[in-house]
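>>> quick one: sequence and predicted model below, then my questions.
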Amino acid sequence: MPRAFLSASRLLDGLDPVPPKAELEETLFLSKVELESWEGDALTVSVTPDRLDLLSETGLRSYLEGALGRTGGLPVVHDYTLAPGEFLEATARVAPLRPEIAGLVVHAPVGSALDAGLLEEAVRFQELLHATVGYDRRLASLGIYPASSIKFPLRYDREPMEGLDFVPLEEETPVPAPKFFAEHPLAARYGAYGMEAGECLTLRDANGTVLSLPPVLNSGVAGRVRAGDRRLLLEATGTRRARVEEALSLLAMPFLLRGWSAAPLRVKASDGVHHGEAVLAPRQLSLSDETLGALSGFDIPPEEVEPLLARARYAVRRTSDGWLVAAPAWRADLLGAVDVAEDVLLLRGVRTDEGRLPPSSTEGRRRPEARFRARIGAHLLGLGFTALHSPVLTSEELVARVGRTQSLELTNPVSAELARTRDCLLLSLVAALGANLRHGYPQRFSELGPVLVRDPASESGARTSEHAAFLVAGEGAGFAEAAAILEYLLRRLSVAGVREPAELPGTIPGRAARVMLAGETVAELGELHPSVLEATGALVPAVWGELHLDVLYPLLGPAVEPTSAGPTDPRRASP
Amino acid sequence: MEPSSPPADGPALSLSPAERKLLVHLRSATAPHSEEEVAAATGLAAEAVRGGLQRLRSKRLTVVDEQHAERLVLTKRGEDGLARGLPERRLLQRLQALGRPADAGELAGGELDAEELPVAIGVLRRRRLLAEGSPFALQPGSESAAAELPEERALAAARDGAAVAPEESSTLKRRGLLAVERSTTRRWSPSEEGGRLPLGDGSRPEEGALRPERLRDGSWREVEFRPYDVRAPVPYVQGPAPHPYLAFLEEFAELLVGLGFAEEEGPLLETEFWNNDVLFMPQEHPARSVHDVFSVRGVEGRLPDAHLLLGVAAAHEGRPLSGTSEPLSVGWRSPFNPEISRRPVLRSQTTSVSARFLASRPRPPFRRYCIGRSFRPDAVDARHHVEFDQCEGILGEEGTSMRELVGMFQALAEGIGIRELRIRPSYFPFTEPSVEGYVRHPSLGWMEVLPGGLFRPEVLRPLGVEVPVAAWGVGLTRLAMVALGVNDIRELFDADLDRLRGGD
């Protein structure tokens, strides 16, 4: 979950009276905020990904004001009117790279200006938004500028880098754009989102001053936002209009909740003029009594629902069958009625003693395939095999050692040890053999579990196959033992397969076989190749057998287990 | 360690003829016997008796009562001192013979060597028989006082076995005239087991293992069976054991079956459609990052049924479903990309199995569960692994609400022996409301183990499901760590044979 480090004093500033710590912690427990630590003024919180607004002190304070019943209703957003010439023009040339841009101008309340606390909060929140809703700036990135030093209108364009000089924020000397993109650490990380074929995105004001190279960095010439500024430009660029507006709305939230007024910046784009109202306009939603009752299971009277909605910071209007609500623009998590219902339940709270079991009864059961696997597991246990539980993911080295080239390769492994999927349990058994070198022999272990087998007919390109396998290592371990064990297991299922010679990876040529039943391979077995044993460090012979349970199971009759006390006489079993 | 093959005749308690004879004798004796007495009675050599009795003792067939004693004996120097006179006696005699003082050069040699002279001078001076200074002269009256020196008296007493004062004996021991001789007297008798051990009469040959041919021809009647040392160390045998974690999963499955849930299974490798899209996980949104996935190369996925794909795309884009006029919600306000849908990924949640079940349009009421592996890219440490087991459960019927979900949480918590449960809000893109069931662990405090919620309409309607469906999941791996007392998640994949067999 996204995490933020907040100032407790800034969070609680204005919450009069300040709630006792225990009440605050309980309120947070019942919210979508997890209070990870609270030491002095330092709060560490994590927030569910739908409520990014709670990652800032101001946003969280607004929530607490409602949750604690200190205030209610839709937060007031003060409008602000821009001059006709204050707009932004986006050329069609930006479209292939980063087509969307939106802007807001925010203005401090009369008699006040940007203070250091709000500036720090906004900058920190900006970075959190980059990492979350911005998908690390790929979908949306944000900029904050002192509007006083900007001459409107603005121009968002794509320009050749050659001949373009840029003063990076915090620096004073111009740097040629190609050098900036080649050398600056932020350009190395985000430059690809805003540059292509020797050209890069630029945001300039009417004087031609480069304000930023989206989505990488603001210009030092445009001026750094400082405490005392009263008029700020907030802008967002990105690839999706919805994400750009969502990010910009969230960035504006701390200003708006602290009484700043805001005006959306008109964007004259190639596809028309965007007035940007969505960035500030409250979200209108409805919630019917029926939906609330059906989701909650409670019959909550309307006179109880209305204050709960108000505490959730909605503007509320009662209709004939429910509620029309307006929510702040930054609540992008509100998609429909169920989301509003959740807010009602969240503030009402759900006690465990209000739970009830569904009235209908249903029949519980295991899948027959699972029961079949459990039976095979019991047989292996009875044969003296110790059961293993191994990861499906395995190492590249092991796959190469055993020669299982058909195993799938992860594109984003976290380590070389967990970089491939197993296509047979032999890989896991060999790994276990290597993990038990300090023990004596014989060693006998087994595993039941899933493997992934390439299968073009499968929807995902590979089939999940359930296997059961065993390995015997020690002096005297040989092909015959594995074959005998497999025969025994099949006899227990009242079938008998036919062994056919096979060349299987990781085994000694001429000492491996497939067991066929009704034309299908139901098992494989063989003596492990000395090269595998040597590389594993196990200097004893080892033999392995592996049943393909998902192939075998459909071939069995209705009664997969003989009813007699002992196994079926193989001489009477028919293949 | 693995068991080695046990000897065919077991841990034999074999007795040699001499041991048998010794044991027979001890059993016939009415009192414990010393080794000398045993030797005399059995006619065996003393060494054979001593060794045989010790071997019987190691086989726990005899017990011994040991008496320890000490006595003073004269050393070679002590015996010489008594025979020739102690050095001080000889110095005394020399000075008496001279009848005048004499210096060291005159006294050394002859009866007194260079080592003995200083000792003799020291003793006589301590006895005040020799005047201080040089030349050396006897004190007046020394002749009568030196009739018998105390050292001579003590030495003679030691020789005769009489008592010697401790201070005198220690002086003589320091001078190397006396030594301490320690002796142990052992008196042997049969142990309780030695008294009971069947010995036969010795007339028949003894055998270890009972051989089949003896049974076949009846010749077992003609042999004695050598008794075994039932306490002797035996090979280390370990038996197979069910895997404790797998046993835990089985128990949990049985709990769900008891609550009316039927089992479902599904593929580990899914397409993004089934892992994410059908669950209304936005294709480009931080909510998707909740479930980062492993993707694979070398295989290609396919899109699902077109009708289902179109329905899911409409839900994502906030468009009405086919045959309806109103969208389910505003959706994610981003274009839906089917190319993302077809990508193969390792499933990050077993909810994909629930989705596949719901896509089969089951007839309500239904309760289904799935226990299976899921995969998420994560740094592997004591608390996290890229691979874990998840349990997903769904219940669908008219009237299912948050209260039924909470009721199910309670039933599950009680089923695993937990009484304290709290509900707090949570978030999953596919459920709304979303909650998290916290249970109190005796030592670890409140732990989130029961995430759940009600499937969103954007999930259910494209799948054609009209009844409300509550869904919950359990992080079984985490729960198992608590239940099994495992502190490191990697131990659940441990392949160490010793630990798997019960930690012995």
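Thanks, I have the structure now. Numbers count the residues shown, from 1 in each chain, chains lettered A, B, ... in the order given.
>>> near chain B, which residues of the stretch 101-250 of chain A? Just list them.
Counting by Cβ under 8 Å from any Cβ of the partner chain, the stretch 101-250 of chain A comes close to chain B at A:132, A:133, A:135, A:139, A:240, A:241, A:242, A:243. C-beta here means a position set from N, CA and C on the backbone, and glycine is covered the same way.
>>> please repeat the previous calculation with a cut-off of 7 Å.
A:132, A:133, A:135, A:139, A:240, A:242, A:243 (Cβ under 7 Å from any Cβ of the partner chain).
>>> of the residues you listed, which belong to helices?
A:242, A:243 (DSSP state H).
>>> out of the residues of the stretch 101-250 of chain A next to chain B, who's the most crowded?
Neighbours here mean other Cβ atoms under 10 Å in any protein chain shown. Within those, the largest count is held by residue A:133, at 29 neighbours.
>>> pLDDT score assigned to that one?
Looking at residue A:133, its pLDDT is 91.
>>> ok, and the closest non-adjacent residue to it?
residue A:247 (4.9 Å; Cβ to Cβ, 6 or more residues apart in numbering or on different chains).
>>> can you count the residues close to the one you found?
With other Cβ under 10 Å as criterion, residue A:247 counts 32.
>>> I'd like the distance between it and residue A:131.
According to Cβ to Cβ, to the nearest Å, residue A:247 and residue A:131 sit 11 Å apart.
>>> quick one on the thing from earlier: out of the residues of the stretch 101-250 of chain A next to chain B, the closest to residue B:109 would be?
residue A:132 (110.9 Å; Cβ to Cβ).
>>> okay but the closest one is in contact with residue A:2, surely?
Yes - Residue A:132 is within contact range of residue A:2, at 5.2 Å (criterion: Cβ atoms under 7 Å).
>>> for the closest residue to residue B:366 other than its chain neighbours, grab the count of nearby residues.
Distances taken as Cβ to Cβ, 6+ apart put residue B:396 closest to residue B:366, at 5.2 Å, once the chain neighbours are dropped. The number of residues packed near residue B:396 is 26, by other Cβ under 10 Å.
>>> quick check: beta-bridge partners of residue B:396?
Beta bridges link residue B:396 to residue B:366, residue B:469 when assigned by DSSP bridges.
>>> okay, and for the chain, where does confidence drop off?
This is for chain A. A:558-575 (pLDDT under 70).
>>> correction: the question concerned chain B.
B:1-13, B:145, B:201-202, B:229-232, B:234-238, B:285-291, B:442-443, B:502-504.
>>> from chain B, how far out is residue A:219?
28 Å (Cβ to the nearest Cβ, to the nearest Å).
>>> ok, the closest residue to that residue other than its chain neighbours - contacts?
In this structure, residue A:219 finds its nearest non-sequential neighbour in residue A:210, 4.9 Å apart by Cβ to Cβ, 6+ apart. By Cβ atoms under 7 Å, 6 or more residues apart in numbering or on different chains, the contact list for residue A:210 reads A:166, A:202, A:204, A:219, A:221.
>>> show me what the fourth one is bridged to.
Think residue A:219. residue A:168.
>>> for it, the count of nearby residues, please.
24.
>>> next one: the last one
Counted with other Cβ under 10 Å, the burial measure for residue A:221 works out to 19 neighbours.
>>> ok, it touching residue A:211?
No - the criterion here is Cβ under 7 Å, and residue A:221 misses it with residue A:211 at 8.1 Å.
>>> off-centre distance for stretch A:233-241?
Distance of stretch A:233-241 from the chain centroid (Cα atoms, centre = their mean, to the nearest Å) equals 23 Å.
>>> ok, residues contacting stretch B:325-333?
A:242, A:335-336, B:282, B:285, B:315-321, B:457-458, B:461.
>>> just the ones of these in helices?
A:242, B:315, B:316, B:317, B:457, B:458.
>>> CSV for those, including distance to residue A:156?
Shown next, in CSV, are those (distance: Cβ to Cβ, whole Å):
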residue, distance to residue A:156
A:242, 18
B:315, 33
B:316, 28
B:317, 26
B:457, 38
B:458, 34
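>>> just these now: which is nearest residue A:344?
Using Cβ to Cβ, the ones in helices among the contacts of stretch B:325-333 come closest to residue A:344 at residue B:457, 16.9 Å.
>>> number of nearby residues for that closest one?
21.
>>> run a quick neighbour tally on the residue lying closest to it once chain neighbours are set aside.
The spatially closest residue to residue B:457, leaving aside those adjacent along the chain, is residue B:328, at 4.8 Å (Cβ to Cβ, 6+ apart). By the measure other Cβ under 10 Å, the count of residues near residue B:328 is 25.
>>> from residue A:67, how far out is residue B:328?
On the measure of Cβ to Cβ, residue B:328 and residue A:67 end up 29 Å apart.
>>> do residue A:380 as well
56 Å.
>>> tell me which of these two has more neighbours.
Counted by other Cβ under 10 Å, residue A:380 and residue A:67 do not tie: residue A:380 has more neighbours, with 24 against 20.
>>> name the SS class of residue B:311, please.
Under DSSP: H, G, I helix; E, B strand; the rest coil, residue B:311 falls in the helix class.
>>> list the contacts of it.
Applying Cβ under 7 Å, 6+ apart, the residues contacting residue B:311 are B:321, B:322, B:462.
>>> any idea how far the nearest residue to the last one once chain neighbours are set aside is from chain A?
Pointing back at residue B:462 there. In this structure, residue B:462 finds its nearest non-sequential neighbour in residue B:311, 3.2 Å apart by Cβ to Cβ, 6+ apart. Separation of residue B:311 from chain A (Cβ to the nearest Cβ): 16 Å.
>>> relative to residue B:463, how far out is residue B:311?
Residue B:311 is 8 Å from residue B:463, by Cβ to Cβ.
>>> one step back: ok, so of the residues of the stretch 101-250 of chain A next to chain B, who is nearest residue A:401?
Relative to residue A:401, the closest of those is residue A:135; by Cβ to Cβ it sits at 39.0 Å.
>>> now the phi/psi pair for that closest one, please.
The phi and psi values for residue A:135, taken as degrees, to the nearest 10, are phi 50, psi 50.
>>> so who does it touch?
Taking Cβ under 7 Å, 6+ apart, one finds residue B:284 in contact with residue A:135.
>>> give me the domain ranges for chain A.
Here the domain parsing of chain A from automatic domain parsing is A:3-67, A:78-279, A:283-349, A:368-572.
>>> can you tell if the third one touches chain B?
Spelled out, it's domain A:283-349. Yes - counting by Cβ under 7 Å from any Cβ, chain B is contacted by domain A:283-349 at A:294, A:295, A:296, A:297, A:335, A:336, A:338, A:339, A:341, A:342, A:345, A:346.
>>> determine which two of these are furthest apart.
Maximum distance among the residues of domain A:283-349 next to chain B (Cβ to Cβ): 21.7 Å, for A:297 and A:335.
>>> the two: which has the busier surroundings?
For residue A:297 versus residue A:335, neighbours defined as other Cβ under 10 Å are more numerous around residue A:335 (27 against 22).
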